[in-house]
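>>> quick one, structure for this:
(chains A and B)
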There are 2 protein chains.
Amino acid sequence: MKTPKPKAMIVAGVMSGTSADGVDVAICRIAPGKGAPSVKVLVHRAFAYDKKLRAAALAAMDAKNTSTAELARLSWRLGEVYAECVAKAAADLKLKPQLIACHGQTMYHQGAAEKYLGKPLCTTWQMGEAAVIAERMRVPVVSDFRPADMAAGGQGAPLVPMLDYCLFRHAKKNRLLLNLGGIANVTVLPAGCGVDDVMAFDTGPANMVIDACMQKLYGKPFDRGGKIAASGTALNMQWASPFFGMKPPKSCGREEFGDAFSAKLMEDFKAEQPQDIIATVTLMTVFTILAAYREFCWPHLGQRAPLARATEMFVAGGGAKNKTLMRWLREAFAELGVSVATTADAGLAIDAKEAAAFALLGWLTWHGLPGNVPSATGARRAVVLGKVTGA
Amino acid sequence: MKTPKPKAMIVAGVMSGTSADGVDVAICRIAPGKGAPSVKVLVHRAFAYDKKLRAAALAAMDAKNTSTAELARLSWRLGEVYAECVAKAAADLKLKPQLIACHGQTMYHQGAAEKYLGKPLCTTWQMGEAAVIAERMRVPVVSDFRPADMAAGGQGAPLVPMLDYCLFRHAKKNRLLLNLGGIANVTVLPAGCGVDDVMAFDTGPANMVIDACMQKLYGKPFDRGGKIAASGTALNMQWASPFFGMKPPKSCGREEFGDAFSAKLMEDFKAEQPQDIIATVTLMTVFTILAAYREFCWPHLGQRAPLARATEMFVAGGGAKNKTLMRWLREAFAELGVSVATTADAGLAIDAKEAAAFALLGWLTWHGLPGNVPSATGARRAVVLGKVTGA
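Model prediction:
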């Protein structure tokens, strides 16, 4: 295939995160721009998985006991669901996308090498059959964005920094972009940076642990608006995980902060009040982000400074709707001279950001352009991400 | 991406069949030709999986009990192995391929719809991470050929007929192409046919059942040269499977003729001599092919004749090395006026055929051309197969 000269296209980005609650579709206009492509979200819609599908997706992630048939069927069904979601969003917009960029549902992500059949290996796996989406929509699909970066020595994550760079870089201000999904991650954009100067890393859990505790303590999927956290008092806790000690680039997921992590936490706090536990894990999110910022972004004695001081932080992801989490973040970062706003304040809906990021990555792949930020993922080089399925 | 004007390319086709014994690599020169592309095998090499990998691959296929991590790791490792095999074959040839077309290892294939989470669904799944191959070789990869056909309503199989059509169509002769892999399949090429006139279908088991019986009775992976079958006497058997009654297009696999099928067969024959059992399952292969040919390719009273009579059959696949199987095939088809030869007699090494077929399909995809034969797979339309991973 030949890579055409970059041109403006309508691209549907499709994201489903580790919480497996559903699908975000952001249909964007992406065009070549000055220094970096421009990305404009034309429509954003969120679709919940139906209960059975959500249960199947959650059960399949890092499952210790599953069947090959179950996973094969789930991947196909996810493809059908993604196609339906894109079709609905496109109907709202009355504009058919020219390209679909689908992240898929992460089933397994292992950024650190472990031995398998006698040799070390990292691996990552997102499912949702692209051929099904391409056939139903009759639009080409780019899917499976993470393996190429990992094959090139990266962590396969984070991949959102390319969008952060394109939309939020600033000539004179050091900026932080924070995403509060199941996992929290930070992108650092030094003033006047080029794409090679961007740093990004996961800081630890965000909604993943809060949601797990909400489910166990209240039978609810999440702490709406952060009301329960606001009603509690945070307890002393040791948030211990080998992940916190690692240096960036680093990424984490359900393997580090999934069921085993929250089960241990619940066990440690079994004598405590439920609202206090929710407050604790909400504050843990704030503290782990703050600690990572101080540890990795601030100048230390005798070290080359990666970033003097940021003055602005923009937050996206479902966690940006948790008012308690946002208030505590604001308070914590205010002490360091960093203002905290949502990306919506800068014109990008908080729920649309990740889907828009994959729309951008799909557009780059379609034009034969690399989409990973090696300084963020740790890859040896910038590579063209994903797989292209024709229509 | 733009699809360039078809041009000659060096393409490595990579095939690993349901027997999971290893990898065939056929590096081919594929060029636009009169009526259909030309395919010339420049080098063919077969590589055995190491024992641990083979055990892992066999255990993962249609596994009732596995883990998501195991499958994620296996897919990645298979990508590494495929890359190594292509590198070795390319070193032999002293010519780097411009494109790699990788079938992958089939983990699950379900051509008939069954309910899943309340809705009917077919699915197919081949693994072996293409991004790993692309990164190691720095060559673009086309992979995952079957889902696009299945998403378009086909069985996702057989896909070899496109090669059969390109290499074996004849202006004046009706021809049959037989492949004896784990499963046996026939391609029917009427004299002077266009690609829409090609018919093809699986006829039932070939090496899959013979090999399973050899393993259980003799502790050997297969009946080398058909010697054991030659020393036995075939028993009366009822080869019962709903598959035999189905009309083409149809495909089968380990789901129909895997462990459960051979275990039942062994139980039925437990009082018999082992060489007689091997002779029986070898003859079953011949009979099921013959029955399918008579049933589906011969004119029947009151039916439109799909093919008057074939006069030539060319056999490929590992089963073509089983001299007893080939002798019985020759004897059976001689009575019907059909001569039986291997594809090697026509210049195409029997082990190279499937790998060459995927090289051709990869070349077609690269140029935006469809690769399935809808009359063979049952798809609603001809579609561009596979996923393209950049390098």
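>>> in chain A, which spans are helices?
Remark: helices assigned in chain A by DSSP state H are A:51-60, A:68-93, A:130-137, A:146-151, A:161-168, A:207-218, A:227-231, A:242-245, A:254-257, A:259-268, A:274-292, A:323-334, A:353-366, A:374-377.
>>> next, format those helices as TSV and append distance to chain B, mean neighbour count and mean pLDDT.
Yep, even glycine has a C-beta here, placed from its N, CA and C like the rest. Below are those laid out as TSV (distance: least, CB to the nearest CB, whole Å; neighbours: other CB atoms under 10 Å in any protein chain shown; pLDDT from 0 to 100):
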stretch	distance to chain B	mean neighbour count	mean pLDDT
helix A:51-60	5	17	96
helix A:68-93	4	22	97
helix A:130-137	4	26	98
helix A:146-151	4	28	98
helix A:161-168	16	25	96
helix A:207-218	17	22	95
helix A:227-231	32	19	97
helix A:242-245	18	14	87
helix A:254-257	9	22	86
helix A:259-268	13	15	92
helix A:274-292	25	21	95
helix A:323-334	30	18	97
helix A:353-366	6	29	97
helix A:374-377	13	24	92
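>>> now do the same contact list for the residue nearest to A:Gly318 when sequence neighbours are not counted.
Excluding its sequence neighbours, the residue lying closest to A:Gly318 (CB to CB, 6 or more residues apart in numbering or on different chains) is A:Asn207, at 5.7 Å. By CB atoms under 8 Å, 6 or more residues apart in numbering or on different chains, the residues touching A:Asn207 are A:19, A:180-182, A:222, A:317-319, A:322.
>>> return the item of the residues you listed having minimum pLDDT.
Here the lowest pLDDT out of the contacts of A:Asn207 sits on A:Ser19, with 80.
>>> shouldn't that residue be in contact with A:Leu180?
No. Look at A:Ser19 against A:Leu180 with CB atoms under 8 Å: they stay out of range, at 11.2 Å.
>>> need the residues touching each of these two.
Both A:Ser19 and A:Leu180 are contacted by A:207, A:318, under the criterion CB under 8 Å, 6+ apart.
>>> of the two, which one has the most company?
Neighbours were counted for A:Ser19 and for A:Leu180 using other CB atoms under 10 Å in any protein chain shown; A:Leu180 has more, 27 against 21.
>>> ok, the residue nearest to that one when sequence neighbours are not counted to A:Ile183 distance?
Excluding the flanking residues, the one nearest A:Leu180 by CB to CB, 6+ apart is A:Gly319, at 2.5 Å. Distance of A:Gly319 to A:Ile183, computed by CB to CB, to the nearest Å: 10 Å.
>>> give me the common contacts of those two.
The contact sets of A:Gly319 and A:Ile183 overlap at A:Ala206 (CB under 8 Å, 6+ apart).
>>> any idea how far the residue lying farthest from the centre of chain A is from A:Lys216?
Ranked by distance from the centre of chain A (CA atoms, centre = their mean), the top residue is A:Ala271, with 33.5 Å. Applying CB to CB, the value for A:Ala271 to A:Lys216 is 15 Å.
>>> ok, A:Leu178 next?
Applying CB to CB to A:Leu178 and A:Lys216 gives a distance of 26 Å.
>>> do the same with A:Leu283
Between A:Leu283 and A:Lys216 the computed distance is 18 Å (CB to CB).
>>> for A:Trp298, same thing?
For A:Trp298, the distance to A:Lys216 - CB to CB - is 36 Å.
>>> then A:Gly154?
Remark: distance between A:Gly154 and A:Lys216 (CB to CB) = 34 Å.
>>> please apply the same query to A:Ala112.
28 Å.
>>> same thing with A:Met246?
For A:Met246, the distance to A:Lys216 - CB to CB - is 28 Å.
>>> before we move on, what about A:Leu180?
20 Å.
>>> could you check the pLDDT of A:Gly17?
Looking at A:Gly17, its pLDDT stands at 87.
>>> next up, the contacts around the closest residue to it other than its chain neighbours.
Excluding the flanking residues, the one nearest A:Gly17 by CB to CB, 6+ apart is A:Gly181, at 4.9 Å. Neighbour list for A:Gly181: A:17-19, A:206-207, A:317-319, A:354 [criterion: CB under 8 Å, 6+ apart].
>>> and the contacts of stretch A:240-259?
With CB under 8 Å, 6+ apart as the test, stretch A:240-259 has contacts from A:18, A:61-62, A:106, A:108-111, A:154-158, A:182-183, A:185, A:199-202, A:204-205, A:208-209, A:212, A:261, A:288, A:291-292, A:296, A:375-378.
>>> what do you get for stretch A:218-233?
Applying CB under 8 Å, 6+ apart, the contact partners of stretch A:218-233 are A:21, A:207, A:210-211, A:214-215, A:273-280, A:282-283, A:318, A:321-327.
>>> swap in 10 Å and give it another go.
A:19, A:21, A:48, A:54, A:207, A:210-215, A:217, A:272-283, A:285, A:318-319, A:321-328 (CB atoms under 10 Å, 6 or more residues apart in numbering or on different chains).
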